[in-house]
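**Q** build me a model:
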Amino acid sequence: MDAYDKGSDARQGPGRDDPDGPGGLDGPGDPDGAGTASGEDGAALPGPRPGPHPGLAALSPRYQAGALAALAVVAVAVCAHLGLVFLHVAPSNTLTKQHGAAVDEWVFPEFEQNWKLFAPNPLQQNVSVQVRAEIGTADGGIRTTGWYDLSAEDGRAIDGNPLPSHTQQNELRRAWDFFVATHDSEHRPVGLRGSLSETYLRRIALLRLERNDAAGPGGVVERVQYRSRTTNVEPPPWSGEKVSPRPSVRELPWWSVAAETGGARAGGAA
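**A** Purely as a prediction, here's the structure:
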């Protein structure tokens, strides 16, 4: 009986009933069971073609080199900009003393920062900037307006506004800080940036006065005058610090705005 069984197995041969054998279901020469797709004539069919490479790999070597060069230039420019701005806000050191002019030339006026690293004392004053104007009237007379509190106007626009604009928050304050930093105690400009700050303030005055309709019908703004009122913020009782409660007033001379208005005359004549 055993011999008969063995003989029967021998006649069938390996792989007839054993799927793991060389002649199993997966076919000879395919031990992994993956199989190979074939056509009607038994020839192997080609597999799916690989898709295009994403990103820079899809470009030709020439364009890849150009893209990498552009990225390198942008990276160097960004690093240089960040380094110069860092030197601008950093405390005085050897680099800023040697290359301060180059740093200021790059930073001002587009990238100016009004803060410093490691500044222990924040601003403890309220500064109110006001402006008034001399108006040329249609009948040939001169009328002087009252003082317009521009800082208070910005404050009212910001209060209750969840998304105040950059202009409302910083335009007037930065312009006044720019003027103070570039003028001496006699209101004389120090260098070319001093004259630039005056031009900036004159333009802001004209825009704000026009917004308030200060000139009136047929009138033209001929001169403007600024003043600031600085009040110290009262320190907390526990600090023991004493400050003067009296406000400090700085009144600037009258400035002609003929260059900004193009020499306009009252009544609409130029």
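**Q** burial of Ser248, as a residue count?
**A** Neighbourhood size, Ser248 [other Cβ atoms under 10 Å]: 12. Yep, even glycine has a C-beta here, placed from its N, CA and C like the rest.
**Q** mind listing the residues bridging to it?
**A** Thr230 (DSSP bridges).
**Q** now do the contacts for it.
**A** Going by Cβ atoms under 8 Å, 6 or more residues apart in numbering, Ser248 touches Arg229, Thr230, Thr231.
**Q** wait, the first one sits on Ser128?
**A** Yes. In this structure, Arg229 sits in contact with Ser128. The criterion is Cβ atoms under 8 Å, and the distance is 4.5 Å.
**Q** on that earlier part again, by neighbour count, which of the contacts of Ser248 wins?
**A** Highest neighbour count within the contacts of Ser248: Arg229, with 17 neighbours (other Cβ under 10 Å).
**Q** check the gap between that one and Gln130 for me.
**A** As defined by Cβ to Cβ, to the nearest Å, Arg229 lies at a distance of 7 Å from Gln130.
**Q** same check on His166?
**A** Separation of His166 from Gln130 (Cβ to Cβ): 22 Å.
**Q** between those two, point out the one with more neighbours.
**A** For His166 versus Gln130, neighbours defined as other Cβ under 10 Å are more numerous around Gln130 (18 against 8).
**Q** now do the contacts for the residue nearest the centre of the chain.
**A** Geometric centre of the chain, nearest residue: Phe111, 9.0 Å, by Cα atoms, centre = their mean. By Cβ under 8 Å, 6+ apart, the residues touching Phe111 are His81, Val85, His88.
**Q** got a winner among the residues you listed for most neighbours?
**A** Ranking these using other Cβ under 10 Å puts His88 first, with 19 neighbours.
**Q** enumerate every residue touching that residue.
**A** Contacts of His88 by Cβ under 8 Å, 6+ apart are Val103, Asp104, Val107, Phe111, Gln113.
**Q** try Arg250
**A** Here Arg250 is in contact with Arg227, Ser228, Thr230 (Cβ under 8 Å, 6+ apart).
**Q** returning to what we had before: if I look at the residue nearest to the centre of the chain, how far off is Gly262?
**A** As judged by Cβ to Cβ, Phe111 and Gly262 stand 31 Å apart.
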